[in-house]
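Colleague: I'd like to go over a predicted model; first the sequence, then the structure.
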Amino acid sequence: MGFHVDSELPLAGQAAIVTGASSGIGAGIAKGLAEAGARVMVNYHSDAEGALEVVGEIRNAGGEAVAAQANVGSEEEVRAMFSRAIEHWGTVDILVNNAGVQKDAPFVDMSLHDWNLVLSVNLTGPFLCAREAVRAFLRHEKPEHCRSRGKIIFISSVHEIIPWSGRVNYAASKGGLSMLMKSLAQEVGEHKIRVNSIAPGAIKTPINKEAWETPEARKKLLKLIPYDRIGDPEDIARVAVWLASDESDYIHGATLVVDGGMTLYPGFAAEG
């Protein structure tokens with residue numbers, strides 16, 4: 001990073017909450033929003049060290065950030081997190097619903113616990129956070145520093161489109177997230193609240209390290225990506241910053257797929 005926050009930055013004066021921001025895509029987005037001028041609350045569930053590291057990087061680069069522990073699947077903890085953000089900054093302008101988990105298993109072996117856990121974090125969590133964000137947005141008039149009253153960005157996955165054997169809980173949560181985003185966008189657009197999603201493909205994060213860290217795994221994964229490279233968290237962060245800025249003010253209820261072409265089903269290139 002390495003930046004100086006000033007009024008020329010696209011998100012200057014705005015306050016953001018990024019869930020699941022202690023590592024990976026969430027950390028990249030938190031740092032990207034801060035670099036664009038936003039004050040950022042870095043949410044984490046259990047990785048306090050990672051969250052504090054992200055906060056430290058933002059502060060060392062001249063930005064403003066705080067860490068906030070909360071389980072996004074808990075209504076009480078989500079409310080407390082938003083209360084803290086509003087108490088700290090007076091408002092919330094941007095919510096990035098990024099927190100997510102995977103608990104993979106063959107369908108016949110998948111436990112109800114792992115089904116419920118993934119749905120709780122990946123779908124109920126975004127519902128709870130978005131509900132608190134909308135409530136916060138509706139309590140204030142449209143800010144002078146941006147064209148919309150508030151912005152919500154859901155971090156979904158290409159698996160809201162592509163079925164994923166052995167991970168039906170994850171794919172179902174992301175399919176549900178797609179309709180949550182669209183239905184919410186339809187409902188709150190009249191209040192000048194913008195709601196969109198980003199659907200990443202294969203991104204280099206700790207959660208999927210085994211899929212790209214060895215030459216063999218990397219070669220196998222690249223067969224699924226026509227653009228022939230694996231994404232970085234910064235690829236998603238740049239899109240999130242743009243979606244949170246006035247430059248995308250007429251984008252509403254849309255999912256931006258950031259996947260190097262994975263949803264082009266490259267297996268059909270030779271077999272179609």
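Modeller: Arrived safely, thanks for sending.
Colleague: hey, let's count contacts and neighbours off CA atoms from now on
Modeller: Noted.
Colleague: So which residues of the stretch 1-150 of the chain form strands?
Modeller: Ranges of strands in the stretch 1-150 of the chain, per DSSP state E, counting those that start in this stretch, are 15-18, 39-44, 64-69, 94-97, 150-155.
Colleague: which residues sit in contact with I58?
Modeller: Taking Cα atoms under 8 Å, 6 or more residues apart in numbering as the contact definition, I58 lies against K31, A34, E35, E64, A65.
Colleague: doesn't E35 make contact with the fourth one?
Modeller: No: taking contact to mean Cα atoms under 8 Å, the distance of 9.6 Å between E64 and E35 leaves them out of contact.
Colleague: quick one, which of these two is more surrounded?
Modeller: E35 (25 against 20; other Cα atoms under 10 Å).
Colleague: Now render the strands of the stretch 1-150 of the chain as TSV, adding mean pLDDT and distance to T255.
Modeller: Converted to TSV, these look like this (pLDDT from 0 to 100; distance: least, Cα to Cα, whole Å):
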stretch	mean pLDDT	distance to T255
strand 15-18	98	18
strand 39-44	98	23
strand 64-69	98	27
strand 94-97	98	14
strand 150-155	98	9
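Colleague: Quick one: closest of these to D235.
Modeller: Between D235 and the strands of the stretch 1-150 of the chain, the shortest gap by Cα to Cα is with strand 150-155, which sits at 12.7 Å.
Colleague: Centre of the chain to whichever helix or strand comes after the closest one, how far?
Modeller: Next along the chain after strand 150-155, taking DSSP states H and E as the criterion, comes helix 168-188. Helix 168-188 has its average C-alpha position 13 Å from the chain's average C-alpha position, going by Cα atoms, centre = their mean, to the nearest Å.
Colleague: Check stretch 64-73 too.
Modeller: Relative to the centre of its chain, stretch 64-73 is centred 14 Å away, using Cα atoms, centre = their mean.
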